[in-house]
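K.L.:
sequence plus predicted model, see below.
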Amino acid sequence: MPDSGSARLGHNSAGLEVLVEVRFFNAVARYAGPGGPRRKVSLPAGTTVGELADRLGVPRKDLFLVLVNGRDITPGLVGDAIRDYHVLDDGDVIALSGAVPYSYGYGSPVV
């Protein structure tokens, strides 16, 4: 969805914000910054997972697994796009993970 988050929510959502917790794992931990692998982020209401990744500087090609409140929003194995259109809610916990060593994402066969 190319339009801004507040446009998806309605005319009276301008200026509203949500507070989410982002956790960085594996290869994407390098994007966490000096604050460490866990941080709270305030975002405009209607922000999507894709917009969050962009804001954090995490290239989508580096994302292997994305969990929102423990639920996987990646449709399949490596090469499939994350569901970056998923709209975040206040209080969500988002886990961003790169490929895990000895996994399909590192080129190892899945047995």
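P.N.:
Now that the structure is in, tell me what you want to look at.
K.L.:
just name the shakiest helix or strand of this protein by mean pLDDT.
P.N.:
Scoring the helices and strands of the chain by mean pLDDT, DSSP states H and E places helix 5-9 at the bottom, with a mean of 52.
K.L.:
right, and the helix or strand after it?
P.N.:
Heading C-terminal from helix 5-9, the first helix or strand you meet, by DSSP states H and E, is strand 17-25.
K.L.:
distance of Gly33 relative to Gly70?
P.N.:
In this structure, Gly33 and Gly70 are 24 Å apart, going by CB to CB, to the nearest Å. Quick note: C-beta positions are derived from backbone N, CA and C, even for glycine.
K.L.:
who are the packing partners of the helix ranked longest in the chain?
P.N.:
Counting residues, the longest helix found in the chain (DSSP state H) is helix 49-56. For helix 49-56, the packing partners by 3 or more CB pairs under 8 Å, 6 or more residues apart in numbering; DSSP states H and E come out as strand 17-25, strand 38-44, strand 93-97.
K.L.:
tell me which of these sits most buried.
P.N.:
Counting by mean count of other CB atoms under 10 Å, strand 93-97 has the highest mean neighbour count of these, with a mean of 20.
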